[in-house]
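Peer 1: what's the 3D shape of this:
(one chain, ligands or ions: 2)
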Amino acid sequence: MLEIRGLTASVGGNDILKGIDLTVPDGEIHAIMGPNGSGKSTLGYVLAGREDYEVTGGSASFNGIDLLAMEPEERAAAGVFLAFQAPVELPGVNNANFLRTAVNAIRRAQGEEELDAVQFLKLARAETKRLHMPDDMLKRNVNVGFSGGEKKRNEVLQMALLKPRLAILDETDSGLDIDALKIVADGVNALRGPGFSALVITHHQRLLDHLVPHRVHVLSKGRIIRSGGPDLAKELEKSGYASLIAEAA
Ligand code: ADP
Ligand code: MG
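Peer 2: Ligands and ions are numbered 1, 2, ... in the order given. Prediction:
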């Protein structure tokens, strides 16, 4: 279970998160929506421990462990996974090697045996096939020359291989066509169940059609101004954020 209480954070000296209270029980998927600039990505980065994002107050714990006290690598080892809005390109770094290193780092931290190159490739090929990704994406350099859609699929591949306990997807759907949206949703749905929670940051009701969330939260100016069931996303698609924001002001 993810428990966030009164979380405030600043970036570059600007206060961005102004008191976030959010609980994601074990096994649940929650969507975060809200206008651009409201702090959605900041929330994801703060939970993953990205540098330059300064927590100024409040708390965030995952299964009772203080997330904010941990280094980013320790958070990853504890099963926290962040799929970036803009995945980084790593020229000269082979995608399969990169993924195997990440998977083995987590297996080590969790006391499991590491996978050798042959074992890993077998697993990775099965996952790329399931995600309808071309095999050669494993041989290429990480995200270099990948289309927007391929980068997002690569994030979903990472998630499938890492099997996180808490996944934070930051607009993993942006720029995806309808088929690719379904692949992202299926990637999350495949992990659904006890021992897995997710925060899905999205603008798209379409993604949420495939990935029915337990709860939907609307973030505006660093605060959650409304929470509801899946119908809230449908309502927002019709009426937009403006009336909600006016109501909350
Ligand atoms: P969202 O993901 O909801 O669109 P962000 O979390 O990316 O919003 O950004 C929230 C606010 O923080 C924006 O006003 C943005 O300009 C600001 N911000 C983000 N990153 C930085 C940074 N590195 N330095 C200064 N301000 C930033
Ligand atoms: Mg964002």
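Peer 1: burial of the residue in the chain positioned nearest to ligand 2, as a residue count?
Peer 2: Closest to ligand 2 within the chain is residue 41: 3.2 Å, counting by Cβ to the ion. From N, CA and C alone the C-beta is placed, and that goes for glycine too. By other Cβ atoms under 10 Å, the residues close to residue 41 number 23.
Peer 1: before we move on, what about the one 10 residues further on?
Peer 2: Residues within reach of residue 51, counting by other Cβ under 10 Å, total 7.
Peer 1: pretty sure it belongs to a strand, no?
Peer 2: No - Residue 51: not assigned to a strand; according to DSSP: H, G, I helix; E, B strand; the rest coil it is coil.
Peer 1: Could you tell me the model confidence score at the closest residue to residue 42 other than its chain neighbours?
Peer 2: Excluding the flanking residues, the one nearest residue 42 by Cβ to Cβ, 6 or more residues apart in numbering is residue 16, at 4.7 Å. pLDDT recorded at residue 16 is 98.
Peer 1: Distance check, residue 217 against residue 24.
Peer 2: Noted for residue 217: a distance of 10 Å to residue 24, by Cβ to Cβ, to the nearest Å.
Peer 1: isn't residue 58 right up against residue 4?
Peer 2: Yes - the pair residue 58 / residue 4 is scored as a contact, 7.2 Å apart, by Cβ atoms under 8 Å.
Peer 1: List phi and psi for residue 54.
Peer 2: Taking degrees, to the nearest 10, you get phi -100, psi 120 for the backbone angles of residue 54.
Peer 1: tell me which residues form a beta bridge with it?
Peer 2: Beta-bridge partners recorded for residue 54 (DSSP bridges): residue 10.
Peer 1: give the contact list for it.
Peer 2: Applying Cβ atoms under 8 Å, 6 or more residues apart in numbering, we find residue 54 in contact with 9-11.
Peer 1: Reformat those as CSV; add distance to residue 117, neighbour count and pLDDT.
Peer 2: Formatted as CSV, the contacts of residue 54 follow (distance: Cβ to Cβ, whole Å; neighbours: other Cβ atoms under 10 Å; pLDDT from 0 to 100):
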residue, distance to residue 117, neighbour count, pLDDT
9, 40, 25, 98
10, 43, 19, 97
11, 39, 17, 96
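Peer 1: hmm, back to that, helix, strand, or coil at the residue of the chain closest to ligand 2?
Peer 2: helix.
Peer 1: Report the separation between it and residue 83.
Peer 2: Residue 41 is 11 Å from residue 83, by Cβ to Cβ.
Peer 1: quick one: common contacting residues for these two?
Peer 2: residue 170.
Peer 1: just to revisit the earlier point, contacts with ligand 1 among the contacts of residue 54, please.
Peer 2: For ligand 1, the contacts drawn from the contacts of residue 54 by Cβ under 6 Å from any ligand atom are residue 11.
Peer 1: nearest to residue 200, of the contacts of residue 54?
Peer 2: Closest approach to residue 200 among the contacts of residue 54 (Cβ to Cβ): residue 9, at 20.0 Å.
Peer 1: circling back: quick check: the residue of the chain closest to ligand 2 vs residue 86, distance?
Peer 2: For residue 41, the distance to residue 86 - Cβ to Cβ - is 9 Å.
Peer 1: May I have the phi/psi pair for residue 80?
Peer 2: phi -90, psi 130.
Peer 1: Look up the closest residue to it, ignoring the ones flanking it.
Peer 2: Per Cβ to Cβ, 6+ apart, closest to residue 80 is residue 166, 4.9 Å.
Peer 1: Over to residue 177?
Peer 2: Nearest residue to residue 177 in three dimensions, chain neighbours excluded: residue 149, at 6.8 Å (Cβ to Cβ, 6+ apart).
Peer 1: Is that neighbour in a helix, a strand, or coil?
Peer 2: helix.
Peer 1: Show me how far stretch 2-10 is from its chain's centre.
Peer 2: Stretch 2-10 sits 17 Å away from the centroid of its parent chain (Cα atoms, centre = their mean, to the nearest Å).
Peer 1: Noted, bye for now.
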